[in-house]
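Participant: sequence plus the predicted model coming up.
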Amino acid sequence: MSTVHRTLRIIGPGRAGTALASALARAGWHVADPVRRGDDPRRAADGVDLLVIATPDAAIGEVAAAVEPRPDTVVAHLAGSLGLEVLAPHPRRAGIHPLVALPDAATGAERLAAGAWFAVAGDAVARQVVDDLGGRAIEVADADRAAYHAAACIASNHGVALLGQVERVAARAGVPLDAYLELVRATVDNVAALGPAAALTGPVARGDWATVARHRAALDPSERPGYDALVALTERLCRADGPAVALAGGEAGEPSAGGVARCG
């Protein structure tokens with residue numbers, strides 16, 4: 001943790017901005033009054049070491065342009081998919097994206113201070129923030145940030161959507177979502193220990209296409225496209241090379257040409 005006294009101001013103190021401010025305050029940073037919706041942001045960079053624009057991504061460029069640049073103030077954003085050009089005309093710029101789900105400010109502050117991963121870019125102050133929070137920093141170049149953020153959304157947002165499908169399909173059998181959550185947790189642990197391919201189990205990994213066909217027959221037609229897409233991704237993980245299988249609407253899934261390389 002840094003022994004240097006640093007000052008932070010947030011523009012847009014919503015969940016992410018408030019969580020970061022709270023976590024850094026606990027780490028010894030001084031947090032200046034935030035700039036809220038309707039406030040004049042022109043002097044927001046005055047008297048602080050770090051100004052974080054925590055507005056929605058689409059507004060970051062407009063807000064940054066409205067702030068008068070200061071030569072000693074680092075201006076940063078929390079956007080995962082944006083580069084540093086959106087922070088022009090500020091001479092010192094940084095990207096600090098927490099790779100953490102922030103459902104509310106209080107929970108977010110706890111998670112940000114619990115050894116979280118952060119994608120950083122630009123000024124060294126970004127790494128100082130991560131160090132002061134006891135986190136782990138990964139440098140992500142501007143050209144790679146959209147791909148990085150897409151992976152984050154797949155891991156978190158798409159994972160939640162997938163569990164929504166689990167809940168819907170399980171309800172048809174009268175089984176609650178809670179019954180599957182320990183399976184999900186154990187699966188994540190297996191991936192952490194073994195990697196995705198070695199952790200994979202189930203009918204696609206075994207080449208058991210009869211079971212896949214029974215699944216599809218039991219599903220509501222509205223659920224089949226999502227199931228088919230994930231069968232294709234599962235086979236792709238199992239295959240040594242070649243494209244993933246494409247499942248035609250209404251047809252039972254079958255392996256693509258060349259068969260399946262088992263994952264276990």
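Facilitator: That came in fine, so what should we check first?
Participant: tell me what the host helix or strand of Arg145 is packed against?
Facilitator: With secondary structure defined by DSSP states H and E, Arg145 is part of helix 145-153. Packed against helix 145-153 by the contact rule (3 or more C-beta pairs under 8 Å, 6 or more residues apart in numbering; DSSP states H and E) you find strand 117-122. Every C-beta, even on glycine, is put in place using the N, C-alpha and C of the backbone.
Participant: ok so, going back, which element follows the helix holding Arg145 toward the C-terminus?
Facilitator: In the C-terminal direction, the helix or strand that comes right after helix 145-153 (DSSP H and E) is helix 159-172.
Participant: show me which positions of that next one end up buried.
Facilitator: Val166, Val169 (16 or more other C-beta atoms under 10 Å).
Participant: same check, this time on stretch 151-160
Facilitator: For stretch 151-160, a neighbour-count test (16+ other C-beta under 10 Å) marks Ala152 as buried.
Participant: average pLDDT for that stretch?
Facilitator: The average pLDDT within stretch 151-160 is 96.
Participant: then stretch 172-190?
Facilitator: The average pLDDT within stretch 172-190 is 97.
Participant: ditto for stretch 112-119
Facilitator: Per-residue scores along stretch 112-119 average to 97.
Participant: do the same with stretch 214-226
Facilitator: 97.
Participant: quick one: low-confidence ranges for the stretch 1-150 of the chain?
Facilitator: Filtered on pLDDT under 70, the stretch 1-150 of the chain yields the residue ranges 1-5.
Participant: in it, which spans are helices?
Facilitator: In order along the chain, the stretch 1-150 of the chain carries the following helices (DSSP state H, counting those that start in this stretch): 15-26, 57-66, 105-112, 125-132, 145-153.
Participant: hang on, the earlier thing: any idea of the angle the helix holding Arg145 forms with helix 159-172?
Facilitator: For the pair helix 145-153 and helix 159-172, the angle between their directions (axes from the mean of the first three to the mean of the last three C-alpha atoms, to 10 degrees) equals 30 degrees.
Participant: quick one on the thing from earlier: between the helices of the stretch 1-150 of the chain, which gets nearest to Val35?
Facilitator: Taking C-beta to C-beta, helix 57-66 is the member of these nearest to Val35, at 8.7 Å.
Participant: contact partners of the closest one?
Facilitator: With contact meaning C-beta atoms under 8 Å, 6 or more residues apart in numbering, helix 57-66 is reached by 11-12, 41-42, 53, 55, 75, 77, 79, 81-82, 86-90.
Participant: filter those residues to the buried ones?
Facilitator: Burial by neighbour count, 16+ other C-beta under 10 Å: within the contacts of helix 57-66 this picks out Ile11, Gly12, Pro41, Ile53, Thr55, Val75, His77, Ala79, Leu82, Val86, Leu87, His90.
Participant: test my guess that the fourth one contacts Leu84.
Facilitator: Translated: Ile53. No: here Ile53 lies out of contact with Leu84, judged by C-beta atoms under 8 Å, at a distance of 12.0 Å.
Participant: state the pair within the buried ones among the contacts of helix 57-66 that is farthest apart.
Facilitator: Farthest apart among these by C-beta to C-beta are Pro41 and Leu82. That separation is 18.0 Å.
Participant: buried residues, stretch 135-142. List them.
Facilitator: So, applying 16+ other C-beta under 10 Å, buried residues of stretch 135-142: Gly135, Ala137, Val140.
Participant: which ones are touching the closest residue to Ser81 other than its chain neighbours?
Facilitator: Taking C-beta to C-beta, 6 or more residues apart in numbering, and ignoring the residues beside it in sequence, Ser81 has His149 as its nearest neighbour in space, at 3.8 Å. Contacts for His149 (C-beta under 8 Å, 6+ apart) come out as Ala79, Gly80, Ser81, His97.
Participant: farthest pair in those?
Facilitator: Top of the distance list for those (C-beta to C-beta): Ser81 and His97, 8.6 Å.
Participant: most distant residue from the centre of this protein?
Facilitator: Going by C-alpha atoms, centre = their mean, the residue of the chain most distant from its centre is Ala210, 35.3 Å out.
Participant: where does that one land in three-state SS?
Facilitator: Judged by DSSP: H, G, I helix; E, B strand; the rest coil, the three-state class of Ala210 is helix.
Participant: cool, thanks, talk later.
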